[in-house]
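Engineer: build me a model:
(4 chains)
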Number of protein chains: 2
Amino acid sequence: MKVVDRFASPMPQRRAVGLLHYATSAMLPAMDANLAMFRRALESISAITDREWEQIRPHLSLRHFTRGSYLQSAKEPVGDVHFLVEGLVREYYTTADGREHVKSFVRAGSFTAAYGAYILARESHVWIQALEETRALVFPFAAFVALRETNLIWERINRHILEALFVAKEKREFQFLSMSASERYRLLLEDFPGIEDLVSQYHLASYLGVTPIALSRIRRRMRVANE
Amino acid sequence: MKVVDRFASPMPQRRAVGLLHYATSAMLPAMDANLAMFRRALESISAITDREWEQIRPHLSLRHFTRGSYLQSAKEPVGDVHFLVEGLVREYYTTADGREHVKSFVRAGSFTAAYGAYILARESHVWIQALEETRALVFPFAAFVALRETNLIWERINRHILEALFVAKEKREFQFLSMSASERYRLLLEDFPGIEDLVSQYHLASYLGVTPIALSRIRRRMRVANE
DNA sequence: TGCGTTTCTTAACCTAGGTTAATGCACGGA
DNA sequence: TCCGTGCATTAACCTAGGTTAAGAAACGCA
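Structural biologist: Numbering: from 1, shown residues only, chains lettered A, B, ... in the order given. Okay, the predicted model is just below:
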């Protein structure tokens, strides 16, 4: 595969869907709605008291990311955790030969951070890039670490987030061990309906571990099979 | 690939290494040494007091597994966590077509359990099988869960174990995304020197996600390259 | 010691996916 | 409106790895 630098490239061409996000982000919903969404996400893990909520709330700030901009760049220290209230990002890294490898796509309602690099206390090799207009509640990893030192709730919430990450990676391992690229693609479409219209074939193929050309062939085979 | 049932099959042929383990397990070291090893493993994660040690110690029991026997069978509920004080196991699952897929090899000094299935509160599809004479300190998952409800230390230890599991799975994802089978094999030998002499080619190939025939070809290429 | 079992190797052939290159298409900007 | 720039598709060719089948080497047990 050729060495490709896509960092500065314009975003993939859009298809049918999509202007929606511009419309809603133009309305700028009140901060309260974002905080409420964040608190609901926490409560779905473990009930928290108002006092505990007040421990984390002052550390949160809302940030906006335009399409193509970065929530985390490789080589920067891993400073922040992002909770997406709207939008879509990809987490990926680049190898020495210049190839990009997409680890995952993250949607609104989930967390994104270079957690692996943080655990290993290493320079992150991970890039996190907005694929849509994205808004996120951001808090410093350090603030969260301080909280979990003192209150079991935050350790528990941390553990639950990790459990979800671990299960996702196990699922991915399962797919790489036992399935072909076309089966992995079919499962991706099941897990994330509509992703074909939001994400370029280049990024999708990278996530699946194949070239865009191979994915194009897979898509054709699927079209032919459905006729 | 043909459907193969290896559950009842004798263990792979041994090579040069190996009688060592029989010798030491025949000596049956005192329980104290095993407990000390376990406590050291915990302390390497987080310092614990004697009082905390006494919370977990009564739940521990030593179990011995002969080569080929199972620490966990699929379809059994996930009941126990095993800390290996000696030996070697493989964690794997089988797919509908009868193929086996090895998730990982676990050595003495580490934990093994069907954690993913436990998180999802599902029937485990994972088998954990001893590849050597293996001794393990066993404790019920439920006992650990009860401890972490009440004491931050156990939540923290749980989180650290999960972090290690997560990092391992991320590493594996990285390898599947960016490396060929022969590169993955070379890395496995680096991470676990001597594993070629302990584990059958069938299991190694399964871990790498290729057939034993492909691994045989990879080995030949490596031999030729070293001449 | 010899037999049966299993693993490992090798060969021949096939398929999925990688590589290179050309074409067509959509979009955006001048 | 036209043109430039990427993206998606397709074709031709190549390689890694899968499949089937056979033989060789190592081991366990009688």
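Engineer: any idea which element the residue in chain A positioned nearest to chain B lies in?
Structural biologist: Going by Cβ to the nearest Cβ, chain B is nearest to A:K169 of chain A, at 3.6 Å. To be clear about C-beta, it is placed using only N, CA and C from the backbone, and glycine gets the same treatment. A:K169 belongs to helix A:152-178 when elements are defined using DSSP states H and E.
Engineer: repeat for A:V89
Structural biologist: Using DSSP H and E, A:V89 falls in strand A:88-94.
Engineer: adjacent strands (with direction) for that strand?
Structural biologist: strand A:100-107 (antiparallel), strand A:126-130 (antiparallel) (DSSP bridges).
Engineer: need those in CSV (columns: mean pLDDT and mean neighbour count).
Structural biologist: Converted to CSV, the strands paired with strand A:88-94 look like this (pLDDT from 0 to 100; neighbours: other Cβ atoms under 10 Å in any protein chain shown):
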stretch, mean pLDDT, mean neighbour count
strand A:100-107, 96, 20
strand A:126-130, 94, 23
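Engineer: and A:R67, which of those strands is closest to it?
Structural biologist: In terms of Cβ to Cβ, the element of the strands paired with strand A:88-94 nearest to A:R67 is strand A:126-130, at 5.8 Å.
Engineer: what's around A:F38, how many residues?
Structural biologist: 22 (other Cβ atoms under 10 Å in any protein chain shown).
Engineer: around chain B, pick out the residues from chain A.
Structural biologist: A:93, A:95, A:99, A:101, A:103, A:115-116, A:119-120, A:148, A:151-152, A:155-156, A:158-159, A:162-163, A:165-167, A:169-170, A:172-174, A:176-178, A:206, A:209 (Cβ under 8 Å from any Cβ of the partner chain).
Engineer: which of the residues you listed are buried, as a PyMOL select command?
Structural biologist: Only the buried entries of those go into this PyMOL selection, using 16 or more other Cβ atoms under 10 Å in any protein chain shown:
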select buried, chain A and resi 93+99+101+103+115+116+119+148+151+152+155+156+158+159+162+163+165+166+167+169+170+172+173+174+176+177+178+206+209
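Engineer: let me see the contact set for the closest residue to A:S206 other than its chain neighbours.
Structural biologist: Take A:S206 and drop its neighbours on the chain: the residue closest to it by Cβ to Cβ, 6 or more residues apart in numbering or on different chains is A:V102, 4.3 Å away. Residues near A:V102 by Cβ atoms under 8 Å, 6 or more residues apart in numbering or on different chains: A:90-92, A:203, A:206-207.
Engineer: turn these into CSV, including pLDDT and distance to DNA strand C.
Structural biologist: Output for those, formatted as CSV (pLDDT from 0 to 100; distance: Cβ to the nearest atom of the strand, whole Å):
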residue, pLDDT, distance to DNA strand C
A:R90, 96, 18
A:E91, 97, 20
A:Y92, 96, 16
A:H203, 97, 14
A:S206, 97, 10
A:Y207, 98, 12
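Engineer: what residue ranges in chain A score low on pLDDT?
Structural biologist: A:1-31, A:227 (pLDDT under 70).
Engineer: the residue nearest to the spatial centre of chain A: what's it in contact with?
Structural biologist: Nearest residue to the geometric centre of chain A (Cα atoms, centre = their mean): A:V106, 2.6 Å. Counting by Cβ under 8 Å, 6+ apart, A:V106 touches A:84, A:88-91, A:112.
Engineer: could you redo the last one with a cut-off of 6 Å?
Structural biologist: A:89, A:112 (Cβ atoms under 6 Å, 6 or more residues apart in numbering or on different chains).
Engineer: A:R39 versus the residue nearest to A:S206, what's the distance?
Structural biologist: 30 Å (Cβ to Cβ, to the nearest Å).
Engineer: likewise A:S104?
Structural biologist: From A:S104 to A:R39 the distance is 24 Å (Cβ to Cβ).
Engineer: cool, A:R219 as well?
Structural biologist: 41 Å.
Engineer: next up, the contacts around the residue nearest to A:T94 when sequence neighbours are not counted.
Structural biologist: Using Cβ to Cβ, 6+ apart and skipping the chain neighbours, the partner closest in space to A:T94 is A:E100 (5.3 Å). Applying Cβ under 6 Å, 6+ apart to A:E100 gives the contacts A:92, A:94, A:206.
Engineer: okay, strands next: where are they in chain A?
Structural biologist: A:61-65, A:70-72, A:80-86, A:88-94, A:100-107, A:111-112, A:126-130, A:134-140 (DSSP state E).
Engineer: same list, those, but as JSON lines with distance to A:I213 please.
Structural biologist: Putting the strands of chain A into JSON lines (distance: least, Cβ to Cβ, whole Å) gives the following:
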{"stretch": "strand A:61-65", "distance to A:I213": "30"}
{"stretch": "strand A:70-72", "distance to A:I213": "27"}
{"stretch": "strand A:80-86", "distance to A:I213": "31"}
{"stretch": "strand A:88-94", "distance to A:I213": "19"}
{"stretch": "strand A:100-107", "distance to A:I213": "16"}
{"stretch": "strand A:111-112", "distance to A:I213": "29"}
{"stretch": "strand A:126-130", "distance to A:I213": "23"}
{"stretch": "strand A:134-140", "distance to A:I213": "29"}
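Engineer: now do the contacts for A:L84.
Structural biologist: A:108, A:136.
Engineer: that one pairs with what?
Structural biologist: Bridge pairing for A:L84 - DSSP bridges - gives A:A136.
Engineer: if I look at it, how far off is A:M37?
Structural biologist: Distance from A:L84 to A:M37, by Cβ to Cβ: 10 Å.
Engineer: do A:L177 as well
Structural biologist: 36 Å.
Engineer: DNA strand D is nearest to which of the strands of chain A?
Structural biologist: strand A:100-107 (11.6 Å; Cβ to the nearest atom of the strand).
Engineer: now the angle between strand A:80-86 and that closest one, please.
Structural biologist: 60 degrees (axes from the mean of the first three to the mean of the last three Cα atoms, to 10 degrees).
Engineer: what is the orientation angle of strand A:100-107 with helix A:152-178?
Structural biologist: Going by the same axes, to 10 degrees, strand A:100-107 makes 130 degrees with helix A:152-178.
Engineer: looking at the contacts of A:E100, which is nearest A:E133?
Structural biologist: Of the contacts of A:E100, the one sitting nearest to A:E133 (Cβ to Cβ) turns out to be A:Y92, at 19.2 Å.
Engineer: who's the closest one bridged to?
Structural biologist: Bridge pairing for A:Y92 - DSSP bridges - gives A:V102, A:W127.
Engineer: what's the burial count for it?
Structural biologist: A:Y92: 23 neighbours (other Cβ under 10 Å).
Engineer: again with A:E196
Structural biologist: 17.
Engineer: distance check, it against A:R186.
Structural biologist: For A:E196 relative to A:R186 (Cβ to Cβ), the value is 11 Å.
Engineer: likewise for A:E132?
Structural biologist: 24 Å.
Engineer: settle it for me: which of those two has more neighbours?
Structural biologist: More neighbours surround A:E132 than the other of A:E132 and A:R186, with 24 against 14 (other Cβ under 10 Å).
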